[in-house]
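>>> Pasting a predicted model and its sequence here:
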Amino acid sequence: MTKFSFLHAADLHLGSLFEGLALKDEELALRFARATRDAFQELVTTALDEKVAFLVIAGDIYEGEWRDASIGLFFNRELARLDRAGIPVFLLKGNHDAESVVTKSITLPGNVHEFPTRAPASFRLEDLEVVLHGRSFPDRAVAENYALGYPAARPGWFNIGVLHSSCTGRPPHDTYAPCTIQDLATRGYQYWALGHVHAHEILSRDPFIIYPGNLQGRSIRETGPKGAVLVDVENGAVTDARRVILDKARWELLEIELTGNADEDTVMTRIEDGLRGVASEAGERLVAVRVELLGSTPLHRRFAADRQRLRDEVQAAAHRAHEDIWVEDVRLRTSEPAAGRSPAADDTLDPLALIAGLENDANLRAEAEALLRTITSKMPADTLSGESGLSDDLDTLMHEAVALVLGRLDREDA
């Protein structure tokens, strides 16, 4: 059996429009949309540079139905680069680009092999003694455990399972083609190329079961480097499976601890330094950053009372830090020092106590949660993808609302 390498990617989401981001900054949304294509182009270039034996794409190539043929032509053009180099591509459809979802098509180059929807199928590479097993999604929602129907491993060959699945469950991702690690391991394959989860994760090393994550982060809920996995194989075994970073724009979270800080200029200097560090780590990429201010500080109510001014000052700090960094939001998670102005704990009629207590009021929280669900149901899907849930957003909103009211009361008293 020969020595070779291959690339494993998933969740390209070509055609993402970033409609939620466009509500804040249309130009930035266009740049992130271009970054999604550029990241795939970089994947193809990496395959050529590394002289890989083949490329595996484990679902969600497209964000959904095409608005026009341009995205299909782009995908076709990039695969043709691999075809000219003699590099085959094995791909399947996931929940976003299921057979019933993406109805338009363009004839792809001859090096492309697509797994069918009706039953699992296998493709062989005779010269490498490699066999790939997989099955595409016919519809967006697949409840069946596809892994149980995959064929037994071919003895003496290197077997790869290609599967778009939530595996044992990866909230907040929807549960599609659910399975367990044991289900996958019992097939006897040497490598499982998974897709669907947007975070890079190695579920097992014996056998190797890997989520590469998506190629390009799509919202603040998908922070940090994104890319694919380059796998080295020798004598029928994986010798290395290393991450290759391919994203062209990046989302980051910057947390600034303010406990004990009472000087606003010092705080802004710290934020500027933090943003400069984020930009440095991102290299030449466009960076969108959410800044979260934490801790106990006398500045808490001042910041809460004029949130727009705070955002403007943080964006100004970003401009000073780097020419291509954008502040997605500023979240205020600070609190007053214990010695600061606070409501009397034993006076239930104290108006400050009543306002502060609203943050933990169960009835108000239930009403707010219902309202937030109604609002989010009408929002563009790309604003809701990622790792945190509704409860985290609600906690932040209620905390900031109480801080805003208390801060403005302070300003009126001044």
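Done, it's in.
>>> Which stretches in the stretch 151-300 of the chain count as strands?
Applying DSSP state E, counting those that start in this stretch to the stretch 151-300 of the chain gives strands spanning 158-164, 191-195, 201-205, 208-211, 227-234, 237-245, 249-257, 286-296.
>>> can you pull the buried residues of the fifth one?
Residues of strand 227-234 classed as buried under the neighbour-count rule (16 or more other Cβ atoms under 10 Å) are 227, 228, 229, 230, 231, 232, 233. Every C-beta, even on glycine, is put in place using the N, C-alpha and C of the backbone.
>>> Kindly reformat the residues you listed as TSV containing distance to residue 275 and pLDDT.
Formatted as TSV, the buried residues of strand 227-234 follow (distance: Cβ to Cβ, whole Å; pLDDT from 0 to 100):
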residue	distance to residue 275	pLDDT
227	23	98
228	28	99
229	30	99
230	31	99
231	36	99
232	37	99
233	42	98
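>>> can you list the residues you listed in TSV and add distance to residue 56?
Listed next are those as TSV, based on distance: Cβ to Cβ, whole Å:
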residue	distance to residue 56
227	14
228	9
229	9
230	11
231	9
232	14
233	12
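>>> which one of those is nearest residue 194?
Nearest to residue 194 among these: residue 229, at 10.2 Å, using Cβ to Cβ.
>>> For the closest one, give me its contacts.
7, 8, 9, 200, 210, 212, 241, 242, 243, 244 (Cβ atoms under 8 Å, 6 or more residues apart in numbering).
>>> are any of those buried, and which?
Using 16+ other Cβ under 10 Å, the buried ones in the contacts of residue 229 are 7, 8, 9, 200, 210, 212, 241, 243, 244.
>>> quick one: which two of these are the most distant?
7 and 200 (13.8 Å).
>>> now the contacts of residue 229 in CSV, with distance to residue 166?
Listed next are the contacts of residue 229 as CSV, based on distance: Cβ to Cβ, whole Å:
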residue, distance to residue 166
7, 23
8, 18
9, 18
200, 16
210, 15
212, 15
241, 21
242, 24
243, 21
244, 24
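>>> Return the closest of those with respect to residue 251.
Set against residue 251, the nearest of the contacts of residue 229 by Cβ to Cβ is residue 200 (14.7 Å).
>>> And that closest one, how far from residue 194?
Distance of residue 200 to residue 194, computed by Cβ to Cβ, to the nearest Å: 11 Å.
>>> repeat for residue 126
Per Cβ to Cβ, residue 126 is found 26 Å from residue 194.
>>> Neighbour count: the two, which is higher?
A side-by-side neighbour count of residue 126 and residue 194, using other Cβ atoms under 10 Å, places residue 194 first with 25 against 8.
>>> Which strand residues bridge the nearest residue to the more buried one once chain neighbours are set aside?
Spatial nearest neighbour of residue 194, excluding adjacent residues (Cβ to Cβ, 6 or more residues apart in numbering): residue 211 at 4.9 Å. Beta-bridge pairing of residue 211 under DSSP bridges involves residue 201.
>>> which stretches of the stretch 151-300 of the chain have low pLDDT?
169-174 (pLDDT under 70).
>>> what residues go with each domain of this protein?
The chain breaks down into these domains under automatic domain parsing: 4-245, 249-413.
>>> any shared contact partners between residue 200 and residue 194?
210, 211, 212.
>>> mind listing what's buried in the helix or strand containing residue 34?
Here residue 34, judged by DSSP states H and E, is contained in helix 26-50. The neighbour-count criterion (16+ other Cβ under 10 Å) identifies 28-29, 31-33, 35-44, 46-47 as the buried residues of helix 26-50.
>>> will you turn the buried ones among the contacts of residue 229 into JSON lines that also has distance to residue 92?
Shown next, in JSON lines, are those (distance: Cβ to Cβ, whole Å):
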{"residue": "7", "distance to residue 92": "15"}
{"residue": "8", "distance to residue 92": "12"}
{"residue": "9", "distance to residue 92": "12"}
{"residue": "200", "distance to residue 92": "19"}
{"residue": "210", "distance to residue 92": "16"}
{"residue": "212", "distance to residue 92": "14"}
{"residue": "241", "distance to residue 92": "20"}
{"residue": "243", "distance to residue 92": "21"}
{"residue": "244", "distance to residue 92": "21"}
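>>> Okay, buried residues for stretch 263-277 please.
267, 268, 270, 271, 272, 274, 275, 276.
>>> Beta-bridge partners for the closest residue to the third one other than its chain neighbours, please?
By that I understand residue 270. Excluding its sequence neighbours, the residue lying closest to residue 270 (Cβ to Cβ, 6+ apart) is residue 256, at 5.8 Å. Using DSSP bridges, the beta-bridge partners of residue 256 come out as residue 293.
>>> Residue 152 against residue 189, yeah?
No: with contact defined as Cβ atoms under 8 Å, residue 152 and residue 189 do not form a contacting pair (9.4 Å).
>>> higher neighbour count, those two?
Using other Cβ under 10 Å as the criterion, residue 152 and residue 189 rank with residue 189 on top: 27 against 11.
>>> What's the mean pLDDT across stretch 307-314?
Across stretch 307-314, pLDDT averages out at 95.
>>> what sits up against it?
Contact with stretch 307-314 is made by 268, 271, 291, 303, 327, 329, 330, 332, 400, 404, as judged by Cβ under 8 Å, 6+ apart.
>>> Quick one: distance of that stretch to the chain centre.
Stretch 307-314 sits 27 Å away from the centroid of its parent chain (Cα atoms, centre = their mean, to the nearest Å).
>>> wait, what's in contact with the residue lying closest to residue 217 once chain neighbours are set aside?
Nearest non-adjacent residue to residue 217, counting by Cβ to Cβ, 6+ apart: residue 251, 4.6 Å away. If you count contacts by Cβ under 8 Å, 6+ apart, residue 251 has them with 217, 219, 220, 221, 222, 223, 224, 287, 288, 289, 290, 328.
>>> is it possible to export these to JSON lines including distance to residue 54?
Formatted as JSON lines, those follow (distance: Cβ to Cβ, whole Å):
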{"residue": "217", "distance to residue 54": "26"}
{"residue": "219", "distance to residue 54": "31"}
{"residue": "220", "distance to residue 54": "34"}
{"residue": "221", "distance to residue 54": "32"}
{"residue": "222", "distance to residue 54": "27"}
{"residue": "223", "distance to residue 54": "31"}
{"residue": "224", "distance to residue 54": "28"}
{"residue": "287", "distance to residue 54": "33"}
{"residue": "288", "distance to residue 54": "34"}
{"residue": "289", "distance to residue 54": "37"}
{"residue": "290", "distance to residue 54": "38"}
{"residue": "328", "distance to residue 54": "37"}
